[in-house]
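Enquirer: the following block contains a protein sequence and its predicted model.
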Amino acid sequence: MLTTADALRRRPPDAPRSRAALLVVALLAACLAALAPTQAHAADQLLSRGRPATASSVENAAFPAGAAVDGDQGTRWSSAFADPQWLQVDLGSLQQLSRVTLRWEAAYAKGYRIETSADARTWTTAYSTANAAGGTENVTISGSGRYVRLYGTARATAYGYSLWEFEVYGPGGTTPPPDDFWGSTAGIPAAHNAVEVKILNRTNGKYPDSQVYWTFNGQTHSIAEQPYLDMPANSAGRMYFHLGSPDGPYYDFIEFTVGGNVFNGNTTRVDAFGLKLAMRLHSKDGYDTEVGENRQTFAEDRATTFQRFTDAVPSPFKVLAQTQAPYRIIAPGSDPSFRAGGANAGYFTAYAQSVGVNAATSDIFGCAASLAGDPDMCAALNRHVATLPAAQQSDPAQYYKAAPANYYAQFWHDNAINRLAYGFPYDDVAGQSSFISHGDPQWLLVAVGW
């Protein structure tokens, strides 16, 4: 489900400091250079500004995770009032790391860890303290990672964790690990409209480019004849993709709202899985991020994906891979078994009533009827965290631990880049969806898989 979001705030990086020197004699200059202390951070680059950030929780919508990496020291991230909490930033590619600067508001962490990861799943502790003093802290770290996380273990106050800025530094220019999934971006034409879109065939040889089709705004082309689209500004648009023929039964779509100077969009599993999709947005200011199915899912055969889904979900959900097979795995709210009169029509009934919600199971999966205006409750029911304290409802580590839950959505999160997916309409609660937004878009790559 497409939501609207403001483009992330950006500031240009600080200009490099000039160095003034007065040469009296060459020998004196050489001596001064030899005696001057080494500036260890002179070559460091700020890697985290404007990058995608997520958090275990937010105090409220006024203090989002992204505020800690926007370069504005008048905005901040603030967590729920509970331990533990975390804030993580995606640097976009594997980077060598040198230090982290934490600019704390009054609600700081007494105990915390700085952790790094290549995949946002396995974490390595780069620094740890149990006696931090707050204020501005400069922490020296080493090693590499694409993801850097502040993991707060003990609050210094009764409030949450609150950061004006979370700054990650390194030498920059690090070559990402080998990955030819997106291919070369050097030849992408400049957009004359809002953003240049390139469609990529990632069907592992199942279909030639002449049988991978895209459709947008009345145009339909195979990527053999036209792999690019100079996309104009548009509202609530969709781009469809078909394999085999322009209207073949193997199809899927992405959603977006494109302004004159901003891209808002997502991949979606709200209705069904039809084709493996991933998209990568690159903006003129260097912002670069990707969402959608992960590399492992793209690499496997379609039949394997269907079988893995069947093996992963509980018995009531297995039918979702059968009702429209082999073309689609449908969302539970669309399957007759979860609707009125179906065998699983009461799947969510008792659990929902335990928190005062009287809604049909299909409406809970679809965030419809009485839940249409209550995103937090709908998300909490789907994730089976509705009976937990509010702080834990924003912690992804608590999701899908017990039934009833939306195990269809869980599967797509488990098989998505950074575990971000749209498995139900309000999956963007707590920043868990595949929604991306940024100003000055330059190009968008869309990978279509089998």
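Expert: It's in.

Enquirer: and the helices in the chain?
Expert: 26-35, 295-299, 302-312, 349-354, 361-366, 375-383, 390-393, 407-414 (DSSP state H).

Enquirer: how is the protein partitioned into domains?
Expert: For the chain, automatic domain parsing gives the domain ranges 45-170, 191-450.

Enquirer: dump those domains to TSV, plus distance to Asp180, mean neighbour count and mean pLDDT.
Expert: Heads up, the C-betas are built off the backbone N, CA and C, glycines and all. Shown next, in TSV, are these (distance: least, C-beta to C-beta, whole Å; neighbours: other C-beta atoms under 10 Å; pLDDT from 0 to 100):
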stretch	distance to Asp180	mean neighbour count	mean pLDDT
domain 45-170	14	19	94
domain 191-450	11	19	96
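
Enquirer: in CSV, list those domains along with distance to Thr185.
Expert: Converted to CSV, the domains of the chain look like this (distance: least, C-beta to C-beta, whole Å):
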stretch, distance to Thr185
domain 45-170, 13
domain 191-450, 7
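
Enquirer: check contacts around Arg280.
Expert: Trp182, Asp288, Thr289, Glu290, Leu444, Leu445, Ala447 (C-beta atoms under 8 Å, 6 or more residues apart in numbering).

Enquirer: how far does stretch 114-131 stretch from one end to the other?
Expert: Length of stretch 114-131, first residue to last, C-alpha to C-alpha, to the nearest Å: 14 Å.

Enquirer: how about residues contacting it?
Expert: The contact list for stretch 114-131 (C-beta under 8 Å, 6+ apart) reads 88, 90, 94, 97, 100, 110-113, 139-151, 153-154, 177, 418-419.

Enquirer: on that earlier part again, would you format the contacts of Arg280 as JSON lines with distance to Trp214 included?
Expert: Converted to JSON lines, these look like this (distance: C-beta to C-beta, whole Å):
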{"residue": "Trp182", "distance to Trp214": "17"}
{"residue": "Asp288", "distance to Trp214": "22"}
{"residue": "Thr289", "distance to Trp214": "21"}
{"residue": "Glu290", "distance to Trp214": "18"}
{"residue": "Leu444", "distance to Trp214": "12"}
{"residue": "Leu445", "distance to Trp214": "13"}
{"residue": "Ala447", "distance to Trp214": "12"}
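
Enquirer: what's the closest of these to Tyr327?
Expert: Ala447 (19.4 Å; C-beta to C-beta).

Enquirer: kindly reformat the helices of the chain as JSON lines containing distance to Glu167.
Expert: Below are these laid out as JSON lines (distance: least, C-beta to C-beta, whole Å):
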{"stretch": "helix 26-35", "distance to Glu167": "29"}
{"stretch": "helix 295-299", "distance to Glu167": "29"}
{"stretch": "helix 302-312", "distance to Glu167": "39"}
{"stretch": "helix 349-354", "distance to Glu167": "42"}
{"stretch": "helix 361-366", "distance to Glu167": "41"}
{"stretch": "helix 375-383", "distance to Glu167": "31"}
{"stretch": "helix 390-393", "distance to Glu167": "26"}
{"stretch": "helix 407-414", "distance to Glu167": "29"}
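
Enquirer: for Thr220, which of these is the nearest?
Expert: Closest to Thr220 of the helices of the chain is helix 302-312 (C-beta to C-beta; 22.8 Å).

Enquirer: can you tell me what sits against the closest one?
Expert: Outside of helix 302-312, the residues that reach it under the criterion C-beta under 8 Å, 6+ apart are 273, 276, 297, 300, 318, 320-321, 325-326, 329, 407, 411, 414-415, 450.

Enquirer: spatially, which two of the residues you listed are the most separated?
Expert: Checking these with C-beta to C-beta, the most distant pair is Tyr407 and Trp450, at 23.9 Å.

Enquirer: mind listing the strands for the stretch 1-150 of the chain?
Expert: Taking DSSP state E, counting those that start in this stretch as the criterion, the stretch 1-150 of the chain carries its strands at 45-46, 53-55, 77-78, 85-96, 99-104, 109-117, 124-129, 136-140, 144-155.

Enquirer: now for the second one, which elements pack on it?
Expert: Read that as strand 53-55. strand 85-96 (3 or more C-beta pairs under 8 Å, 6 or more residues apart in numbering; DSSP states H and E).

Enquirer: do the same with the fifth one
Expert: Counting contacts by 3+ C-beta pairs under 8 Å, 6+ apart, the secondary-structure elements packed against strand 99-104 are strand 136-140, strand 144-155, strand 162-170.

Enquirer: redo those strands as JSON lines? Include distance to Asp376.
Expert: Formatted as JSON lines, those follow (distance: least, C-beta to C-beta, whole Å):
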{"stretch": "strand 136-140", "distance to Asp376": "33"}
{"stretch": "strand 144-155", "distance to Asp376": "23"}
{"stretch": "strand 162-170", "distance to Asp376": "21"}
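
Enquirer: the ones you listed: which one's closest to Ala62?
Expert: Nearest of these (C-beta to C-beta): strand 162-170, 11.6 Å.

Enquirer: can you name the residues in contact with the closest one?
Expert: Taking C-beta under 8 Å, 6+ apart as the rule, strand 162-170 contacts 41, 44-49, 53, 59, 63, 68-69, 71, 73-79, 87, 89, 91, 95-108, 148, 150.

Enquirer: partners of that strand, with directions?
Expert: In the sheet, strand 162-170 lines up against strand 45-46 (antiparallel), strand 77-78 (antiparallel), strand 99-104 (antiparallel) (DSSP bridges).

Enquirer: okay, those strands in a markdown table with distance to His242 next?
Expert: Formatted as a markdown table, the strands paired with strand 162-170 follow (distance: least, C-beta to C-beta, whole Å):
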| stretch | distance to His242 |
| --- | --- |
| strand 45-46 | 43 |
| strand 77-78 | 42 |
| strand 99-104 | 46 |
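
Enquirer: between those strands, which one is closest to Ile199.
Expert: So among those, strand 45-46 is nearest, using C-beta to C-beta, at 32.7 Å.

Enquirer: run the chain-centre distance for the closest one.
Expert: Relative to the centre of its chain, strand 45-46 is centred 22 Å away, using C-alpha atoms, centre = their mean, to the nearest Å.

Enquirer: what of stretch 350-367?
Expert: Relative to its chain's centre, stretch 350-367 lies at 27 Å (C-alpha atoms, centre = their mean).

Enquirer: end to end, how far does that stretch reach?
Expert: End-to-end distance for stretch 350-367: 17 Å, by C-alpha to C-alpha.

Enquirer: how near is the residue lying closest to Asp376 once chain neighbours are set aside to Tyr351?
Expert: Nearest non-adjacent residue to Asp376, counting by C-beta to C-beta, 6 or more residues apart in numbering: Val429, 5.9 Å away. Distance of Val429 to Tyr351, given as C-beta to C-beta, to the nearest Å: 18 Å.

Enquirer: cool, Asp363 as well?
Expert: 14 Å.

Enquirer: kindly report the same for Tyr161.
Expert: According to C-beta to C-beta, Tyr161 and Tyr351 sit 31 Å apart.

Enquirer: same question, Tyr159
Expert: Counting by C-beta to C-beta, the gap from Tyr159 to Tyr351 is 32 Å.

Enquirer: great, nothing more from me.
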